[in-house]
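Undergrad: my questions are about this predicted structure, shown below with the sequence.
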Amino acid sequence: MKSNYKRLGAYIEPINQLNDGMEVKELLGISNQKFFQNSHTNTIGIDLSTYRIVRTGQFAYNRATTRNGEKISIALRQGDDCIVSPSYRIFRSKDERVLNSEYLMMWFRRPEFDRYARFKSHGSAHEFFEWDQMTDVELPIPHPDKQREIVQEYNAIQNRISLNQQLIQKLEETAQAIYREWFVEGIDLENLPEGWRVSKIGDEVETIGGGTPSTEIEEYWIDGNISWYSPTDITNNSSVFIFHSANKITKLGLNKSSAKLFPANCLMMTSRATVGKLAINTEEATTNQGFITLIPTSELNVYYLYCWINTQIEEIINLASGSTFLEISKSDFRNLDIIIPNGEIAKIFKKTVEPIFDLIKTKTEENQKLTELKELLLSKLATVE
């Protein structure tokens, strides 16, 4: 143990309060992103009095670490009291004047903690991170004033990110509202304005799929510099624009697979499992086979396509089928109807919404930098005095 590190077990205590009398109604789970979320448990016929109560200011974590994205699901409850699965473990700081709970939650957000928890998990078919392993966690516990200072700095960054995200959402809603007003509401497909027409999306833009280079050949991946997106990249992305993929491939990997390279500012749509998630790439890229990517034209720009697909999501999902996972075929997608306005209206629409999307892109880039700053702050916790 480092000289300034302390054993966590000396500073926390377990809580085991069951939901006797059905005092608490809200049942929640915890994501591997470390926040409480709605539970997917079917509670019909379930005795919720056996579930555990999590009070405001208490921690809860899922002991199971198998198939959890190499992370441990743990969160600090800051909302109203809730209940969680009986398999979860609940605990709290013994004394907030000694160990600040928000400071401790910052420690739990570090990737090093996730790796530690996975390493210490044990079991045969399923692995668990038990209470004894939690109490053996070691971390620096500086003076309470220092803890509060660190928490305030972290929260300031997080609050800025949240404000930007709220603005991004409002801007997206504004762009979508403009599209609906111009091209959806009050539009009679049998009596379109002069110069407008209805066509099949496959007749208007190129749609391409993707592929995966063999993961057994290192030369396809090592030192790769071509962005290669998977659906997980898109589902983890919280904005219209996406700047980086988790994995990159080499030119050789591209040439030796069915992956196809496309330019910046195309529209990627997930086409299997989680269907209909969208992102605009900001650099030349390729994808795996879980996508349909639309290549914009001068007549159908990427913002028009983005807004159009958002009005078609329900139909796209209805067209998806499959026994193992849902997937929409390229042929079914290409058969969707799309309104093509005359060239002048298309130009005016782009001119109207482009500043909105430019601001979305700017705020998304700012959030990326703030997230990097937040991660740097978490990494520095290891050396705090």
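TA: That came through fine.

Undergrad: for stretch 222-238, measure first residue to last.
TA: Using C-alpha to C-alpha, to the nearest Å, the gap from the first to the last residue of stretch 222-238 comes to 28 Å.

Undergrad: could I get the buried residue list for that stretch?
TA: By 16 or more other C-beta atoms under 10 Å, the buried positions in stretch 222-238 come out as 224, 226-234, 237. (Each C-beta comes from the backbone N, C-alpha and C, glycine too.)

Undergrad: taking the mean pLDDT, what do you get for stretch 21-33?
TA: Stretch 21-33 shows a mean pLDDT of 90.

Undergrad: what about it, start to end distance?
TA: The first and last residues of stretch 21-33 sit 31 Å apart, counting by C-alpha to C-alpha.

Undergrad: what's in contact with that stretch?
TA: Contacts with stretch 21-33, where a contact means C-beta atoms under 8 Å, 6 or more residues apart in numbering, come from 36-41, 43, 48-49, 51, 53-54, 60-62, 68-69, 71-75, 80-85, 88.

Undergrad: how about stretch 323-338?
TA: Applying C-beta under 8 Å, 6+ apart, the contact partners of stretch 323-338 are 198-204, 207, 209, 271-273, 275, 292, 300, 308, 312, 315-317, 319-321.

Undergrad: how far is that stretch from where the chain is centred?
TA: When distances are taken as C-alpha atoms, centre = their mean, to the nearest Å, stretch 323-338 is centred 24 Å away from the chain's centroid.

Undergrad: next one: stretch 309-328
TA: Relative to the chain's own centre, stretch 309-328 is displaced by 20 Å; criterion: C-alpha atoms, centre = their mean.

Undergrad: what pLDDT, on average, does that stretch get?
TA: If you average the per-residue pLDDT over stretch 309-328, you get 92.

Undergrad: repeat that for stretch 156-171.
TA: When the per-residue pLDDT values of stretch 156-171 are averaged, the result is 96.

Undergrad: in it, which residues are buried?
TA: Within stretch 156-171, judged by 16+ other C-beta under 10 Å, the buried ones are 157, 161, 164, 168, 171.

Undergrad: I'd like to know which of the residues you listed are part of helices.
TA: Judged by DSSP state H, these include 157, 161, 164, 168, 171 as members of helices.

Undergrad: identify each buried residue in stretch 353-369, please.
TA: By neighbour count, with 16+ other C-beta under 10 Å as the criterion, the buried positions of stretch 353-369 are 353, 356-357, 360-361, 363-364, 367.
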